[in-house]
Structures are given as structure tokens and as C-alpha cells.
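Q: What follows is a predicted structure for the sequence shown.
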Amino acid sequence: MLTILEKFLFSPVKTFINIREDTVSALKRLGINNIRDLLFYLPVSYQNKILSPNLTEVRDGDIIQTEIVVESINLPKKSSQPLKITASNDTGSLLLVFFHKPPPFIFNKLQVGTSHIISGKVQFFDHYLQISHPEFIVNPKLAKEIEPIYSLTYLLSNKQLYSYIIKAIEIFEEKCKSIEDKEVKDYLDIILQNLQMLHVFRHCEEACMPTKQSINVKLINSRWPRP
């Protein structure tokens, strides 16, 4: 029934998503060997984030996501000192603190005057708002109020894994459009909608937190083709 999709579903992740060999190994440590495994790699929990808050009103411990502009960069004079970046937006300012230098692909973009979307847990230190090691959101599709949290392994971050899952869902959606049989297409649409809700690919119509109980994952998974 699903012969057209089988080649896609049971292909190695690297066939459709551009990842390095060490990432392939990391995915295999999680039991993700093909696209099907990636689609059904379930979140262990969900995290609420406050989107674009007024920085003067956030509380200690809040997890926020906001767009900021880099105002100044204070490079450490000693290796034991943190890198500190002062940033701001229309609602206030905050300090971004890095005890370890960010990776080059991020650090090289952190120039005075540049804008970035960041996410992280707010802390108050010496009455000053700060976020230690914020995440930088480079893909707008990952900028969500509800973020799925996955079980991870070394050399693989939550954002990385989530981006791969989102990409797999997008490709799966395109593949489903080529199905002409109405019964099969309806069946696949149900699976697609449940995967989208489970991975918070699209907002739930009822604006509720998705749960494994509200989505019959076990039933869908059991009816899904296996190699």
C-alpha cells in the first residue's frame, strides 16, 4: 500500500538531510537509522517559552525567546574570564554571558549592530538581567512558543535534532502529495497531522500542549510499514 514511500522511509537520514558522519553516528546511538526512525523519535517533554517579552517585566528563571541587537562585546582578558555581550531591544537590555567561546559559525556573526534571535533562561545577577550561553535561532521555523525536548547523546543538540525532524516532516509532506489513491492519502494525512502535532511542527488548533496520550502514536506506529 505504501510502496511509493518505502524507499524514502527506510533510506538513511543522510540521503535526504545534509549531515556529517559524526552526526550520523550520534543519531545511530539514539536508534535513529533511517527517516522512519527520525519521524517517530518522540519528545520526552515540552518546554514553554515566553516569546518577545518586555525585558523589564521578565522574572528570574523565565525561559524567553527574543530578538536583540548587539551593543558591545567585552572580550575576556584571561582564559578564566567569561565573554560578555551587552544586547538590547525596544523593551530593555540584557547581558549574554559565555564561559566558553561560542562556536565560530556563531561568534563570527556577533558584531556590534547585528541582530539575532536568542533563547535561554533568564537570571538576575547584581540586579542585571543576563542569559548564560543563550541559543541562537537561525532557522525561523524553530522559533516556537512550545519546544519539544528530546533524549540526546553527545555531539547532538536538541536544536540540531529538532531541525532534522522538521526537515523530515517537510519532505514526508511533499512525498504524500504524490499519492493518488484517496484511501491511502487520507491515511497518510492522519499520520502526517499527528506527527506535526507531536513535534509541534504546527500549532495545535486547540492551542493545547500535545501529549502522547492525545495522539495515538502507538497505534499509528504499529500500522506503519517496517523494512
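A: Structure's in. What do you need? Residues are numbered from 1 along each chain as shown.
Q: what residue ranges in this protein score low on pLDDT?
A: The chain contains residues with pLDDT under 70 at 1-2, 4, 141, 201-227.
Q: Could you chop it up by domain?
A: As given by automatic domain parsing, the domain ranges for the chain are 3-47+144-223, 50-136.
Q: Report the buried residues of stretch 138-149.
A: For stretch 138-149, the neighbour count (16 or more other C-beta atoms under 10 Å) marks Leu142, Ala143, Lys144, Ile146, Glu147, Pro148 as buried. The way it works is simple: take the backbone N, C-alpha and C, and place the C-beta from them, glycine included.
Q: next one: stretch 151-167
A: Neighbour-count burial for stretch 151-167, with 16+ other C-beta under 10 Å as criterion, is recorded at Leu156, Asn158, Lys159, Gln160, Leu161, Tyr162, Ser163, Tyr164, Ile165, Ile166, Lys167.
Q: What about the residues you listed, which are in helices?
A: Of the buried residues of stretch 151-167, the ones assigned to helices by DSSP state H are Asn158, Lys159, Gln160, Leu161, Tyr162, Ser163, Tyr164, Ile165, Ile166, Lys167.
Q: now, which of those residues sits nearest Pro76?
A: Lys159 (25.4 Å; C-beta to C-beta).
Q: Please give me every residue in contact with the closest one.
A: Glu135, Ile137, Leu142 (C-beta atoms under 8 Å, 6 or more residues apart in numbering).
Q: which residues of the chain fall in strands?
A: Ranges of strands in the chain, per DSSP state E, are 45-48, 50-51, 63-74, 83-89, 92-98, 115-125, 128-132, 135-136, 146-149.
Q: Adding distance to Leu192, write these out as TSV.
A: Listed next are those as TSV, based on distance: least, C-beta to C-beta, whole Å:
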stretch	distance to Leu192
strand 45-48	20
strand 50-51	26
strand 63-74	26
strand 83-89	36
strand 92-98	38
strand 115-125	27
strand 128-132	35
strand 135-136	28
strand 146-149	16
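Q: nearest to Thr3, of these?
A: Going by C-beta to C-beta, the one of those nearest Thr3 is strand 146-149, 30.4 Å.
Q: so what secondary structure elements neighbour the closest one?
A: Judged by 3 or more C-beta pairs under 8 Å, 6 or more residues apart in numbering; DSSP states H and E, the packing partners of strand 146-149 are strand 45-48, helix 158-176.
Q: Show me what the first one is packed up against.
A: Read that as strand 45-48. Short answer (3+ C-beta pairs under 8 Å, 6+ apart): strand 45-48 packs on strand 146-149.
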